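Chemist: Here is my input, please return the structure:
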Amino acid sequence: MAGIGVRLPGTTRLAGLLVPSSLRAFAQEAPEHEQALAAATAAVSAASPRTPGTAGATATVWASSTAGLAAYAETCADIPKAGPGRVSPRRTAHSAFTAPATAISVGLGLDGPYLNLTGRQDAGAHAVTEAVRMLRRDRCVRVVVGGSAATSVWRTGPDGDPAEAALCVVLRRNAPGGRETAIRPVHRARWARHGINAFVHSCLARMDGPADRLVLSASAAEAPAPDVLAPLCAAPPLRVEERFGDLGAAGGVAAVIAAVALTADHSCAEQPGSRVLALALGSGNAVAVEVTSPRKGPR
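Modeler: Model prediction:
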């Protein structure tokens, strides 16, 4: 891991992911793809001093639940009133579900492949696993990966608490003997088919042992009981949605980056851990990602 960019209502700091907030929307309204680009720009800027003269392609992987739908609905409403020629062609690009990934790839001049994922919380953590896969298969030398969320009628529900955010991390292969935070996919499965207990035991079989801390991203309807997750980690899970509201696909990315924050030295009340497991559940799918601090050393 080389750099992180955080855009949450009220904070742009990594430690802000560990402080509960009642804010759900940004003070200044901006399209989701602009918030995504801002987070990616911050992450790439933070990564640049660590990757001087990096040669090779930089890929983009981005996750969102409803990106582009608000702009698409606005376009559909405006065309009958003003006519096709009166609607800005820029609106077309902004109304695509690939808008955040395209804005980042084009805006930052990234020359590698780009991938867009949509879904619930699991899609965000899945984006991280796909970024690692790209690196392992030598499709690029680094990946700008993240997720974003915006409040809109498309994310409003009777039991929902939709919130906005854009979070990004720049991944690269750790240099031999390097002392960087490591991110490793553990397991991805359809837990609705075999049950959450089977998924938990599969994760344990792939890990060196229980994690020091656990970060969970899941809706209230899909969040498992604490005793179900206890084998993965003795400490109570830190749940993204309880702190920031429902971020949809961006919640899975938030879980991974919150895990990174827990492995870092900081001056907040949360107890850090050397190995933190990020777990994202959504639509019957589950993704687990392990984050290991430099203090833990190589596996």
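
Chemist: Now Gln121: closest residue in space, sequence neighbours ignored.
Modeler: Spatial nearest neighbour of Gln121, chain neighbours left out: Gly282 (3.9 Å); criterion: C-beta to C-beta, 6 or more residues apart in numbering. The way it works is simple: take the backbone N, C-alpha and C, and place the C-beta from them, glycine included.

Chemist: Is the one you found in contact with Ala218, as I believe?
Modeler: Yes: contact criterion C-beta atoms under 8 Å: Gly282 and Ala218 qualify, at 6.9 Å.

Chemist: ok, the residue nearest to Gln121 - how many residues close by?
Modeler: By the measure other C-beta atoms under 10 Å, the count of residues near Gly282 is 24.

Chemist: Show me the beta-bridge partners of it.
Modeler: Bridge pairing for Gly282 (DSSP bridges) gives the partners Asn285.

Chemist: Quick check, pLDDT for it.
Modeler: As predicted, Gly282 sits at a pLDDT of 92.

Chemist: residues touching it, list them.
Modeler: Going by C-beta atoms under 8 Å, 6 or more residues apart in numbering, Gly282 touches Gly119, Arg120, Gln121, Asp122, Ala123, Ser217, Ala218, Ser219, Glu222, Ala249, Gly252.

Chemist: possible to save the residues you listed as TSV with distance to Ala77, pLDDT and secondary structure?
Modeler: Formatted as TSV, these follow (distance: C-beta to C-beta, whole Å; pLDDT from 0 to 100; DSSP: H, G, I helix; E, B strand; the rest coil):
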residue	distance to Ala77	pLDDT	secondary structure
Gly119	26	91	coil
Arg120	27	92	coil
Gln121	30	95	helix
Asp122	32	96	helix
Ala123	28	96	helix
Ser217	33	96	strand
Ala218	34	94	coil
Ser219	30	89	coil
Glu222	33	88	coil
Ala249	25	93	helix
Gly252	31	96	helix
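
Chemist: any low-confidence regions in the stretch 101-250 of the chain?
Modeler: Residue ranges of the stretch 101-250 of the chain with pLDDT under 70: 157-159, 174-179.

Chemist: Show me the strands in it, by range?
Modeler: Counting by DSSP state E, counting those that start in this stretch, the stretch 101-250 of the chain has strands at residues 114-118, 142-149, 165-172, 182-189, 213-217, 238-239.

Chemist: how about those strands, which one is nearest Ala57?
Modeler: Closest approach to Ala57 among the strands of the stretch 101-250 of the chain (C-beta to C-beta): strand 142-149, 8.4 Å.

Chemist: and the angle from that closest one to strand 165-172?
Modeler: Relative orientation of strand 142-149 and strand 165-172, computed by axes from the mean of the first three to the mean of the last three C-alpha atoms, to 10 degrees: 170 degrees.

Chemist: where do the helices sit along the stretch 151-299 of the chain?
Modeler: Listed in chain order, the helices of the stretch 151-299 of the chain (DSSP state H, counting those that start in this stretch) span 191-194, 196-206, 226-229, 240-244, 249-263.
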